[in-house]
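Visitor: Quick one: sequence plus predicted model below, questions after.
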Amino acid sequence: MAAYALRRLVALVPLVFGVTAITFALLVLAPGDPVTFLIPPEQRGAADLAAMRHELGLDRPLPLQYVSMMRDLVTGRLRSFGDRRPTLARVGEALPVTLILTAASMALTVTLAIPIALVAALRPYSVLDHGATLFSLLGISLPSFWFGLGLIYVFTAQLAWLPASGIRPTGAAGYNPSLIAPYLIMPTIVQALSILPVMVRYARSSLLDQLAQEYVRVARSKGLLERTILFKHIARNALLPVVTITALLVPFLLSGSVVVETTFALPGLGQLAVNAALARDYPIVLTTTAIAGVLVVAGNLAADIGYFYLDPRIRDG
Amino acid sequence: MDSRAPSVPERGPRPGRRGPGHRFARNPRALAGAALLVMFFGIALAAPRLAPYPADAPHLLATLHPPDRAYLLGTDNLGRDILSRILAASRVTLAIGILSMLVSLVAGILVGAVAGYAGGQIDAALMRLTDVVLAVPVFFLTVAFLALFGPSIPGLIGIIGLTAWPPTARLVRAEVLALRHRDFVSAATAVGASGGRIVVRHLLPNVVAVIAISATLRVGLAILTEAGLSFLGLGVQPPAPSWGNIIADGRAYLGIAWWVSCFPGLCIFLAVMAFNLVGDGLRDAFDPRLVV
């Protein structure tokens, strides 16, 4: 297993390399000179621009720029064009927000999806199953930012129960759960609802597959309690595809975080990436894209490790 | 040899059963979706006639006017009529949704058909590319692209289309793989048909159902993506209206004028649902086992 995990980590290198290379190509092909975003118009003499360009290394050949930026990124020396702080520090401030939101939405989704899928799969084509299907359809058709604004309208504008923006009260620091929880409730619900339909659909069809297996008939003919069959025999098998889909949904959640973080003004990775792209802050854009790639691979790896522990056929085989 | 060599339909109507059209027509949810779609396309076509006011005419004496007889859906902070803006935006939104679906369809069919038919290393390389595009949080790249190159409607169509093709490519590849060793393909090869001709004339016609289902669902997704980008300010640029940017306009006035953001969002929701209902209905009518 350790060797396998290591191989997967090595496979990370070409992925991150590819994604950052594409991003870098976009950056240099795009119109607009990053230097003009950094110097106020009245100081933009040709000499000033050239000096700034030299200082940022933008006067060097493009392949060299990419290689040196990537080297600095890995060693932590890469600095933002804007405030000149290390990009890893900037990402380090934004990442926890996105990670906490992603983890909370995953947890909420799994908690809701499994009971819904169970009810739907145990009585296929019943009123409850059709209800679950309809609910899924509503979920995938709902624009997340509009749903988020709806929540803000009800719970902030009308009821004044929950804060609508930010991650913590002004003046507070860190991620004290009791302080940040009220700020996370609405974004978490929005993110969870966007992936819940996919999760329910997978879990339901996976449960239906298992219910039709021979071993279930054997267990029933032995006279085992239906509850025992469900929780001891079926659940473990049916959970495997759910674990896979959880990992596959990580990129989806990260993409969604861009919109959700904007809706709720959360200072996370998505916001950082959008603002950096708008300001032509090449180092921050490269770092956020690289981190997003790493997170996706980490999600896949986590799923594989989960598989390993859930499925004795892989663990002992 | 007759140039119109008949190809064997893969899924003809089973004996004793009615065809897919009949199954679709008996499915109330699919019909509801189809009715909604007809309504949206009708609205988009007739938008200039239906709109009570010009979409971008400000009316400074009626800003943030609540819905009433004069302004059925209210006005925004510049006094522009929300209904007229929603109507004008329906054209933009549907056009972007459909055109970007076409881009992703062409890319997906090309990659899927070539990978499935060529096999071997070409297949492996193309599928690896597909996996990478699926694994990357493409929305980051989309946002970066639009922020860097400046938002434009052709840019939106291109980037939404070019990031959405992998599922279509996988579907087409799977179908082509399943078909390429069938007798009618061997027959075509035996009479000297070229690879390109076999793919276009013999294989793709058998994949039409899968493509149609996938395409319908893609339009819904494309509309959601466009709306999200316009909400971020990276999609359709004001003063041109799109459902997403009207919602963004209303965001600052949410507490005092809920109608600005509410109604365009409802349109997105219903339009996306309509495409999903029709897509699901098509899938159930052709082959319920398909995972699209």
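Guide: That came through, no problem.

Visitor: what helix or strand does residue 131 sit in?
Guide: Answering for chain A, as no chain was given. For A:G131, the host element (DSSP states H and E) is helix A:127-141.

Visitor: wait, I meant chain B there
Guide: helix B:120-135.

Visitor: Outside of that helix itself, list whatever touches it.
Guide: The contact list for helix B:120-135, computed with CB atoms under 8 Å, 6 or more residues apart in numbering or on different chains, reads A:15, A:18, A:251, A:296-297, A:300, B:111, B:114-116, B:163, B:165-167, B:169-170, B:173. Glycine gets a C-beta too; all of them are placed from N, C-alpha and C.

Visitor: for it, the distance to its chain's centre please.
Guide: On the basis of CA atoms, centre = their mean, to the nearest Å, helix B:120-135 sits 23 Å off its chain's mean C-alpha point.

Visitor: in it, what counts as buried?
Guide: B:123, B:126-127, B:130, B:132-135 (16 or more other CB atoms under 10 Å in any protein chain shown).

Visitor: Next: stretch A:135-145.
Guide: Quick answer for stretch A:135-145 (16+ other CB under 10 Å): A:136-137, A:139-145.

Visitor: B:Q237 contacts B:G155, doesn't it?
Guide: No - judged on CB atoms under 8 Å, B:Q237 makes no contact with B:G155 at a distance of 10.8 Å.

Visitor: May I ask which helix or strand encompasses the residue of the stretch 101-250 of chain A found nearest chain B?
Guide: Nearest to chain B in the stretch 101-250 of chain A, going by CB to the nearest CB, is A:W146, at a distance of 3.4 Å. For A:W146, the host element (DSSP H and E) is helix A:144-152.

Visitor: what pLDDT does the residue nearest the centre of chain A get?
Guide: In chain A, the C-alpha nearest the mean C-alpha coordinate belongs to A:L254, at 2.8 Å (CA atoms, centre = their mean). For A:L254, the pLDDT comes out at 86.

Visitor: now A:L196
Guide: For A:L196, pLDDT reads 91.

Visitor: Against chain A, how distant is B:V103?
Guide: 18 Å (CB to the nearest CB, to the nearest Å).

Visitor: let me fix that: B:L203
Guide: B:L203 is 28 Å from chain A, by CB to the nearest CB.

Visitor: Now for that residue: which residues touch it?
Guide: B:L203 neighbours (CB under 8 Å, 6+ apart): B:113, B:116-117, B:175-176, B:179-180, B:185.

Visitor: Which of the three states applies to it?
Guide: Assigned with DSSP: H, G, I helix; E, B strand; the rest coil, B:L203 falls in the helix class.

Visitor: measure it to B:R173 for me?
Guide: Distance, B:L203 to B:R173, using CB to CB, to the nearest Å: 11 Å.

Visitor: do the same with B:L134
Guide: B:L134 is 13 Å from B:R173, by CB to CB.

Visitor: can you map out the helices along chain A?
Guide: Assigned helices in chain A, in chain order: A:2-29, A:34-38, A:46-56, A:62-75, A:87-122, A:127-141, A:144-152, A:177-211, A:214-221, A:226-228, A:235-263, A:269-278, A:282-310, A:312-315 (criterion: DSSP state H).

Visitor: Also chain B?
Guide: B:20-25, B:28-50, B:82-118, B:120-135, B:138-149, B:153-163, B:166-179, B:183-190, B:195-197, B:208-232, B:243-251, B:258-286.

Visitor: Between the ones you listed, which one is closest to A:L240.
Guide: Smallest distance to A:L240 across the helices of chain B (CB to CB): 19.8 Å, for helix B:120-135.

Visitor: Give me the neighbour count for B:I213.
Guide: By other CB atoms under 10 Å in any protein chain shown, 23 other residues sit near B:I213.

Visitor: does it really touch B:A285, like I thought?
Guide: No - applying CB under 8 Å, one finds B:I213 not in contact with B:A285, separated by 9.2 Å.

Visitor: how many other residues sit next to B:V272?
Guide: 24.

Visitor: who's in contact with stretch A:170-189?
Guide: A:96, A:100-101, A:104-105, A:108, A:148, A:151-152, A:155, A:162-164, A:166-169, A:260-261, A:263-264, A:266.

Visitor: what about burial for those, which qualify?
Guide: A:96, A:100-101, A:104-105, A:108, A:148, A:151-152, A:155, A:162-164, A:167-168, A:260-261, A:263-264, A:266.

Visitor: what sits against A:A113?
Guide: Per CB under 8 Å, 6+ apart, neighbours of A:A113: A:196, A:199-200, A:203, A:242.

Visitor: still on that earlier bit, what mean pLDDT does the helix holding A:W146 get?
Guide: 92.

Visitor: now stretch A:11-24
Guide: In this model, stretch A:11-24 has a mean pLDDT of 80.

Visitor: Equivalent analysis for stretch B:142-156, please.
Guide: Across stretch B:142-156, the average pLDDT comes to 87.

Visitor: how about the residues of the stretch 101-250 of chain B near chain A?
Guide: Residues of the stretch 101-250 of chain B lying near chain A by CB under 8 Å from any CB of the partner chain: B:132, B:134-141, B:143-145, B:147-150, B:220, B:224, B:227-228, B:231-232, B:234, B:244, B:247, B:250.

Visitor: Out of these, which end up buried?
Guide: If we count by 16+ other CB under 10 Å, those have these buried: B:132, B:134-141, B:143-145, B:147-148, B:220, B:224, B:227-228, B:231-232, B:234, B:244, B:247, B:250.

Visitor: Spatially, and excluding backbone neighbours, which residue is closest to B:D76.
Guide: Leaving aside its sequence neighbours, B:D76 sits nearest to B:V260 (CB to CB, 6 or more residues apart in numbering or on different chains; 4.9 Å).

Visitor: pretty sure that neighbour is touching B:D249, no?
Guide: Yes - contact between B:V260 and B:D249 holds when scored by CB under 8 Å: they sit 6.2 Å apart.

Visitor: Identify the contacts common to B:L203 and B:R173.
Guide: In terms of CB under 8 Å, 6+ apart, B:L203 and B:R173 are both contacted by the residues B:113, B:116.

Visitor: So which residue is dead centre in chain B?
Guide: By CA atoms, centre = their mean, chain B has its centre lying nearest to B:V219, at 1.0 Å.

Visitor: how far away is that residue from chain A?
Guide: 12 Å.

Visitor: And for B:S100?
Guide: Counting by CB to the nearest CB, the gap from B:S100 to chain A is 16 Å.

Visitor: tell me, how many neighbours does that residue end up with?
Guide: Around B:S100 there are 26 residues (other CB under 10 Å).

Visitor: Per-residue pLDDT of it, please?
Guide: For B:S100, pLDDT reads 95.

Visitor: Likewise for B:A88?
Guide: You'll see B:A88 listed with a pLDDT of 91.

Visitor: Tell me who's in contact with it.
Guide: With CB under 8 Å, 6+ apart, B:A88 has these contacts: B:47, B:51, B:55, B:241.

Visitor: Dump the residues you listed into a markdown table; add pLDDT and neighbour count as well.
Guide: Output for those, formatted as a markdown table (pLDDT from 0 to 100; neighbours: other CB atoms under 10 Å in any protein chain shown):
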| residue | pLDDT | neighbour count |
| --- | --- | --- |
| B:A47 | 81 | 18 |
| B:A51 | 78 | 16 |
| B:A55 | 77 | 20 |
| B:P241 | 90 | 27 |
